[in-house]
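Trainee: predicted model follows, preceded by the sequence.
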Amino acid sequence: MSVLQDIAENLMKGKANDVKELVEQALNGGTAPAEVLNEGLLAGMSVIGERFKKNEVYVPEVLIAARAMKAGMEILQPQLAAAGVEPIGVAVVGTVKGDLHDIGKNLVCMMLEGAGFKVVDAGIDCDPQKFVDVAQENNAAVIGVSALLTTTMTNMKAVVDAVKASAIADSAKVMIGGAPVTQAFCDEIGADGYAPDAASAADLAKSLAL
Ligand code: B1M
């Protein structure tokens with residue numbers, strides 16, 4: 001097995017220390033940082049994402065894989081920056097005003113990072129202007145809004161409207177998700193996309209950003 005396959009396999013098993021060591025080994029052996037990222041870390045994370053979508057793995061497996069990804073990224077990040085490898089875009093993700101649930105939102109952040117985005121976590125209970133301000137400051141291509149309550153999902157429309165009325169209306173797309181959210185609701189409030197789970201959110205963000 002090549003060291004890159006080894007990185008992907010160990011990431012899928014959530015073995016953070018092994019991933020760290022293998023990333024170091026790959027870099028010391030002369031493998032390009034972008035290759036380590038794409039064929040090692042992102043390859044493993046994308047398999048986890050697909051398995052998660054099919055209910056073959058669950059939240060805990062995704063969390064430990066994401067932790068292993070983070071461990072590898074700590075080693076890789078400075079080398080990527082030195083090699084001029086850019087993230088595919090910036091995504092700002094937060095939970096909507098009035099809503100304190102953040103487990104799903106955190107998973108979305110991890111899957112987006114796993115897909116190659118630079119993620120800015122805007123936190124919980126975010127009012128519409130916060131999404132706009134953080135997205136503007138970071139030149140975000142995608143704004144992800146999460147809601148877990150039927151009483152707070154209605155606040156998503158205010159985010160869509162605030163983005164449409166702002167200077168980033170043409171550059172940032174709004175995607176929404178969370179247990180009570182549906183495609184029909186997305187169409188109703190005029191958001192750019194809806195994803196039912198964190199792995200699909202990463203696919204959607206890529207299609208919106210590119
Ligand atoms: Co709350 N809660 N909660 N809660 N809570 C629910 C959501 C509820 C369904 C429980 C129930 O009654 N059966 C219910 C909502 C009912 C409704 O509105 N229809 C509920 C309620 C009522 C409340 C309170 C009002 C309770 C009270 O105080 N009376 C209160 C509200 C607080 C507030 O937000 N203002 C409250 C509080 C809490 C806790 C603080 C105790 C805790 C949150 C802790 C935390 O997040 N740090 C909590 C929890 C844990 C839950 C349940 C049990 C689990 C939610 C969760 O994390 N799921 C939940 C019941 C349940 O779902 N079984 C419940 C796991 C997570 C991975 O899934 O977040 O759905 P989820 O994310 C998925 C997808 O939805 C999607 O991807 C994720 C992974 O695939 N997704 C996106 C999420 N965001 C996305 C964004 C995207 C795309 C996809 O694009 C941007």
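Mentor: Alright, I've got the coordinates. Everything numeric in this text was worked out from a predicted model, so none of it was measured.
Trainee: contacts only, for the residue lying farthest from the centre of the chain.
Mentor: Computed with C-alpha atoms, centre = their mean, the maximum C-alpha offset from the centroid of the chain is found at residue 29, amounting to 29.4 Å. When the contact criterion is C-beta atoms under 8 Å, 6 or more residues apart in numbering, the partners of residue 29 are residue 3. (Glycine included, C-beta is placed from N, CA and C.)
Trainee: separation between it and residue 7?
Mentor: 12 Å (C-beta to C-beta, to the nearest Å).
Trainee: ditto for residue 60
Mentor: Distance of residue 60 to residue 7, computed by C-beta to C-beta: 21 Å.
Trainee: neighbour count winner among those two?
Mentor: A direct count of neighbours by other C-beta atoms under 10 Å for residue 60 and residue 7 places residue 7 higher, at 30 against 9.
Trainee: which of the helices or strands spans the more buried one?
Mentor: Residue 7 belongs to helix 3-12 when assigned by DSSP states H and E.
Trainee: how about residues contacting stretch 182-195?
Mentor: Looking at stretch 182-195 with C-beta under 8 Å, 6+ apart, the contacting residues turn out to be 145, 153, 156-157, 160, 164, 173-177, 181, 201, 203-204, 207-208.
Trainee: which ones among the residues you listed lie within strands?
Mentor: For the contacts of stretch 182-195, the ones inside strands are 145, 173-177, with DSSP state E as the criterion.
Trainee: looking at the residues you listed, state which has the most neighbours.
Mentor: residue 145 (30 neighbours).
Trainee: my guess is that residue meets residue 174, correct?
Mentor: Yes - counting by C-beta atoms under 8 Å, residue 145 sits close enough to residue 174 to count as a contact (6.5 Å).
Trainee: shared neighbours of the two, anything?
Mentor: Residues touching both residue 145 and residue 174 comprise 159, 191, with contact defined as C-beta under 8 Å, 6+ apart.
Trainee: tell me which parts of the protein are close to the ligand?
Mentor: Counting by C-beta under 6 Å from any ligand atom, the positions of the chain adjacent to the ligand are 59, 93, 98-105, 107-108, 144-146, 148-151, 175-180, 195, 197-198, 201.
Trainee: re earlier: from residue 77, how far off is the residue farthest from the centre of the chain?
Mentor: Distance of residue 29 to residue 77, computed by C-beta to C-beta: 19 Å.
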